[in-house]
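Engineer: Quick one: sequence and predicted model below, then my questions.
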Amino acid sequence: MTFDAGANGNGVPSILATLATDHVPATFFLTGNFAATYPSLARQLAAAGRLGNHTVSHPHLPALPGSDVRIQVNAARTTIRAVTGVDPMPLFRFPYGDSGPVTLTIVNDLGYVAIGWTVDTLGWEGTGNAITVDSIVGRVMAALAPGEIVLMHVGSNPDDGSALDAAALPRVIAAIRDRGYTFVTLDALFN
């Protein structure tokens with residue numbers, strides 16, 4: 001289970017309660033702006049799971065010059081470490097999942113491993129796009145396979161205020177377990 005944290009933290013209390021109750025480890029990709037804006041939530045996420053770097057401000061990295069990509073990655077690391085006391089290295093997630101050969105090389109040269117996902121729940125789109133708890137569970141289960149990396153978000157949709165990923169999480173966990181799967185953090189990739 002992976003969660004991006006960039007916009008707001010409205011779903012964090014529910015997500016953390018579910019993860020703790022169900023004993024599910026998770027990885028959280030924080031932007032530097034999220035950590036600076038919501039330091040208490042960032043520390044709670046750090047205490048609950050593994051952290052990764054998601055840039056300072058979630059820009060479209062392939063559109064930036066290389067020097068700006070480096071600034072986005074390095075400054076996010078500095079902020080996340082200062083706020084949480086935890087180094088997000090070596091995990092990195094590209095904003096929008098969008099990279100190219102140049103940006104990937106830069107991120108790798110900075111010591112990071114780029115982590116994508118196998119299924120995006122689309123919970124971040126909110127209810128205005130016909131996304132529901134049922135559709136989120138259905139998307140995750142349709143993609144279920146060994147090594148699945150689920151992308152969820154800790155925030156709510158800015159238009160409708162829905163935190164669909166937080167609402168769907170208990171059912172997603174139960175459905176995955178019903179199929180005999182277990183959960184690990186992305187650190188399992190390095191063991």
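Structural biologist: Thanks, I have the structure now.
Engineer: Pretty sure residue 100 sits against residue 62.
Structural biologist: Yes. Counting by CB atoms under 8 Å, residue 62 is a contact partner of residue 100 at 4.5 Å. Quick note: C-beta positions are derived from backbone N, CA and C, even for glycine.
Engineer: and the two? which has more neighbours close in?
Structural biologist: residue 62 (16 against 12; other CB atoms under 10 Å).
Engineer: give me every residue that touches that one.
Structural biologist: 98-100, 102-103 (CB atoms under 8 Å, 6 or more residues apart in numbering).
Engineer: Sitting in helices, which of these do you find?
Structural biologist: Per DSSP state H, helices hold the following members of these: 102-103.
Engineer: Just the buried residues of the contacts of residue 62.
Structural biologist: Among the contacts of residue 62, those buried by neighbour count (16 or more other CB atoms under 10 Å) are 99, 103.
Engineer: Let me see the ranges of the helices in this structure.
Structural biologist: 12-22, 32-37, 39-48, 66-84, 101-109, 133-142, 164-178.
Engineer: which residue sits closest to residue 31, ignoring its sequence neighbours?
Structural biologist: Closest residue to residue 31 apart from its sequence neighbours, by CB to CB, 6 or more residues apart in numbering: residue 6 at 4.3 Å.
Engineer: Quick one: residues contacting the one you found.
Structural biologist: 30-31, 33-34, 54, 58, 95, 153, 155 are the contacts of residue 6 under CB under 8 Å, 6+ apart.
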